[in-house]
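Trainee: Generate coordinates for the sequence data below:
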Amino acid sequence: MMTFSKAGLAAALMAAFACLPLHANAALFDDDEARKAILELRSKVDALARDLNERVEAKADKTSTLSLINQHDQTMQEIARLRGQIEVVANDLATTQKRQKDFYTDLDARLRKLEPRQVTIDGQEAAVGVSEQTAYDTAFGVFKSGDYKAAATALDAFVKRYPESAYAANAQYWLGNAYYAQRDCKSAISAQQVVLKNYPDSPKAPDAMLNIASCYTELKDKANATKTLNALIARYPDSSAAQTAKERGGKK
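Mentor: Here you go, the predicted model:
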């Protein structure tokens, strides 16, 4: 708190004396009146001092308040700036998390597409990979289109690439048929013999033997044709191919 010094009070007192009326100055040497005047001046000086100090304090408080307000405004601005940064970081984080989620979702979808699928081939359940399925469908599609030369190439490539595939026996069988359709009976016989050797339990095996017999007939090799028909009846007696073999002259 700001207060007056003695010199200040004296100066104020002198100023107050200078402001006294003339008749008061004239009676200055009267003790009673002088004492009274001094008391009154002291009272006025004290009052002036209190008022001045109050004003100074009020001004100091006002300055302090303004300083606090300025500091408060600066603090709020800093908080707003930090909140803005937090929002930016939060938005970036949300965007990154979404991208990661989309990436893993897409990756999972891609992996699922690559996973083997359960399919039924000639009444038997088997797991087949996507690329494997696509390759077989493409090769067999070429066969069905009637382009037997291109089909033979595609089917042969499939068997070499997927020798353990559930479609391998079928591909090998249709490869023999593709050769037969081109009147290449020797290649047809060789292809169907692979079916019997590598896939004897395949549903296509009886038909492969029947085709071999047909090829021998085409080649005018009756002995091997009859031998093949008899072997077919003996090996796969309950097959429809065996019934056809009997009709063609095979042993009952």
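Trainee: now the helices for the stretch 151-252 of the chain?
Mentor: 168-181, 185-198, 205-218, 222-235, 240-247 (DSSP state H, counting those that start in this stretch).
Trainee: what ranges of the stretch 151-252 of the chain fall below the confidence cut-off?
Mentor: Along the stretch 151-252 of the chain, the model assigns pLDDT under 70 to residues 250, 252.
Trainee: again, only using 90
Mentor: Residues of the stretch 151-252 of the chain meeting the criterion pLDDT under 90: 248-252.
Trainee: downstream neighbour of the host helix or strand of residue 92 in the secondary structure list?
Mentor: Under the criterion of DSSP states H and E, residue 92 resides in helix 31-114. Under the assignment DSSP H and E, the closest C-terminal helix or strand after helix 31-114 is strand 117-121.
Trainee: average model confidence for that next one?
Mentor: On average, the pLDDT along strand 117-121 is 86.
Trainee: That strand vs helix 168-181, what angle?
Mentor: 50 degrees (axes from the mean of the first three to the mean of the last three CA atoms, to 10 degrees).
Trainee: For strand 117-121, which outside residues touch it?
Mentor: Identification of contacts with strand 117-121 by CB atoms under 8 Å, 6 or more residues apart in numbering yields 125, 126, 127, 128, 129, 130, 133, 166, 167, 170. The way it works is simple: take the backbone N, C-alpha and C, and place the C-beta from them, glycine included.
Trainee: hang on, the earlier thing: any chance of the helices of the stretch 151-252 of the chain in a markdown table, plus mean neighbour count and distance to residue 90?
Mentor: Below are the helices of the stretch 151-252 of the chain laid out as a markdown table (neighbours: other CB atoms under 10 Å; distance: least, CB to CB, whole Å):
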| stretch | mean neighbour count | distance to residue 90 |
| --- | --- | --- |
| helix 168-181 | 24 | 56 |
| helix 185-198 | 19 | 62 |
| helix 205-218 | 23 | 66 |
| helix 222-235 | 18 | 74 |
| helix 240-247 | 17 | 71 |
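Trainee: quick revisit: ok, of the contacts of strand 117-121, which one's closest to residue 237?
Mentor: Closest to residue 237 out of these is residue 170 (22.4 Å), distances taken as CB to CB.
Trainee: Check the gap between the closest one and residue 215 for me.
Mentor: In this view, residue 170 and residue 215 are 19 Å apart by CB to CB, to the nearest Å.
Trainee: still on that earlier bit, going through the contacts of strand 117-121, which ones are buried?
Mentor: 128, 133, 166, 167, 170 (16 or more other CB atoms under 10 Å).
Trainee: Check those and tell me the two furthest apart.
Mentor: 133 and 170 (12.2 Å).
Trainee: gap between the closest residue to residue 122 other than its chain neighbours and residue 240?
Mentor: Spatial nearest neighbour of residue 122, excluding adjacent residues (CB to CB, 6 or more residues apart in numbering): residue 203 at 4.0 Å. Distance check for residue 203 against residue 240: by CB to CB, it reads 10 Å.
Trainee: same question, residue 222
Mentor: Counting by CB to CB - residue 222 and residue 240 are separated by 23 Å.
Trainee: got the CA coordinates for stretch 149-162 in CSV?
Mentor: Extracted as CSV, the C-alpha positions of stretch 149-162 are listed here (Å, rounded to 0.1, in the frame of the first residue of the first chain):
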residue,chain,number,x,y,z
LYS,A,149,-5.0,-78.6,-79.8
ALA,A,150,-5.0,-75.6,-77.5
ALA,A,151,-6.9,-77.7,-74.9
ALA,A,152,-4.2,-80.4,-75.0
THR,A,153,-1.6,-77.8,-74.3
ALA,A,154,-3.5,-76.2,-71.5
LEU,A,155,-4.5,-79.5,-69.8
ASP,A,156,-1.0,-80.8,-70.1
ALA,A,157,0.3,-77.6,-68.4
PHE,A,158,-2.2,-78.0,-65.7
VAL,A,159,-1.2,-81.5,-64.8
LYS,A,160,2.4,-80.6,-64.7
ARG,A,161,1.8,-77.6,-62.5
TYR,A,162,-0.7,-79.3,-60.2
